[in-house]
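> Just a sequence and a predicted model for now, questions to come.
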Amino acid sequence: MKSTYFIYVCFLTQHHLIVYATWCGPCAFVAPQLEAASKELQSRLRVAKIDSDKYPQWSTKLKIGAFPTLILFDSYGKEIQRVEGALTKEQILEFVQKHINK
């Protein structure tokens, strides 16, 4: 998967995906927040991102309605939960940890 501003996907115990657009202001806000959160979560979470403009088929397949969209997947690739909008590092950690710690 190539990346620029993309969908973020997290894999391992849990997977996390974010749908992104390069022109999206809230997406630009989320990028460093997610990077900081993923550093704190270390090996418990992997993040990937996909540019919705370069890969529109993924936005369609994932039924993305707004940017950014953060999607959490289990280790089998099944969606656990999603949230739309710009989240802070603390909100991302809360979103992810309630599922990782189960």
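Right, received. Where do you want to start?
> Any idea how far stretch 95-102 is from the middle of the chain?
In terms of Cα atoms, centre = their mean, to the nearest Å, the centre of stretch 95-102 is found 14 Å from the chain centre.
> Now do the buried residues in the helix or strand hosting residue 57.
Using DSSP states H and E, residue 57 falls within helix 56-61. For helix 56-61, burial by neighbour count (16 or more other Cβ atoms under 10 Å) applies to 58-59. C-beta here means a position set from N, CA and C on the backbone, and glycine is covered the same way.
> Next: stretch 61-69.
The neighbour-count check on stretch 61-69 (16+ other Cβ under 10 Å) flags 62, 64, 67-69 as buried.
> pLDDT of that stretch, averaged?
Computed over stretch 61-69, the mean pLDDT rounds to 89.
> distance between the ends of that stretch?
Length of stretch 61-69, first residue to last, Cα to Cα, to the nearest Å: 13 Å.
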